[in-house]
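1. make a model of this:
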Amino acid sequence: MAIEIKKKYHESYNNLFGIFIGIENFPNSGGQIKCLFHANQDAEEMYKLFLKKSQFKERKDELCLLVDEDFRKILKDDSVLVATRANILRKLTRYLKSAKADDLLLLYISTHGIIDFDDYFFIPSDGEIDNVLGTGISSTTLIQALGKASGTGVKVLMIIDTCHAGAVGFEISKYKGEFSCLLSCSPVEYSYEYFDIEHGFFTNYLIKGLEGEASENDKGITLIDLYNYVYKNVQHEAKKQQKYQNPLLIGTMNYDTVLIANHKHKNSK
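-> You can find the predicted model right below:
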């Protein structure tokens, strides 16, 4: 008689603190910042994916979605915030204070990025191109704050879908613990969007990979599995359109970290 052995695989962290940011329109820029097409949908789908997966676990996950004001009205969800500079930094500050050792702090950003003043700035919905110091979000400041969290044992993962995303590169040796960045392209490349699919190249394959296509074993989706899958497919997609886009993975997080488990039973005799 066959005996069924039930075994659940788990993510490589306790609680998840996830901030998902998508910004397409920049009304304060006076038309100087080009609108994006799918950043809202990119962030929403990433948020929904992790929200759905977190429901398998009895834990204290906290996830937040920040998007354009018009898109927020369409969603009709009071928990969704407008992606202003103040709202983003306020939510991040709260999560930095709440996350404990062995929790995962995940920061996903899809917007424009600008290199200026020897720094890389993310542009929030109320950003102004002529006042990037006052209205942009410095990647150096973000990394310093997140690095402090990783030093206390929090696992930190930044996922960035912006042009020139590789410019957020940091000195890995300066920060303790597990802290990594998964970036949509190199410092000299653009991050492209589809015209016929409501996603960017990078996030489209992030979603597919996290939904299961990146899985190389029965544990679930590990960090290295996800990167390898996204890198291969984004590079191939860009080449088909005679473009160049090469995602990067930098940092110290264990490559075998399970980001999303299968949550299936494994049967054996």
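
2. which residue ranges of the stretch 51-200 of the chain form helices?
-> If DSSP state H, counting those that start in this stretch is used as the criterion, the helices of the stretch 51-200 of the chain fall at 69-75, 85-98, 132-135, 139-150.

3. among those helices, which is nearest Leu183?
-> Closest approach to Leu183 among the helices of the stretch 51-200 of the chain is made by helix 139-150 (10.7 Å; CB to CB). Bear in mind the C-beta positions are built from the backbone N, C-alpha and C, glycine included.

4. what's the angle from that closest one to helix 85-98?
-> Here helix 139-150 runs at an angle of 20 degrees relative to helix 85-98 (axes from the mean of the first three to the mean of the last three CA atoms, to 10 degrees).

5. buried set for helix 139-150?
-> By neighbour count on 16 or more other CB atoms under 10 Å, the buried set for helix 139-150 is 139, 142-143, 146-150.

6. phi, psi for the nearest residue to Ile33 once chain neighbours are set aside please.
-> Using CB to CB, 6 or more residues apart in numbering and skipping the chain neighbours, the partner closest in space to Ile33 is Phe26 (4.1 Å). Backbone torsions for Phe26, taken as degrees, to the nearest 10, come to phi -130, psi 80.

7. Phe26 - how many residues pack around it?
-> 24 (other CB atoms under 10 Å).

8. separation between it and Gly127?
-> Using CB to CB, to the nearest Å, Phe26 is found at 6 Å from Gly127.

9. what residues are shared contacts of the two?
-> Residues touching both Phe26 and Gly127 by CB atoms under 8 Å, 6 or more residues apart in numbering: 33, 112.

10. if we can go back for a sec, ok, the residue nearest to Ile33 - contacts?
-> 33, 35, 112, 123, 125-127.

11. nearest to Asn217, of those residues?
-> His112 (36.8 Å).
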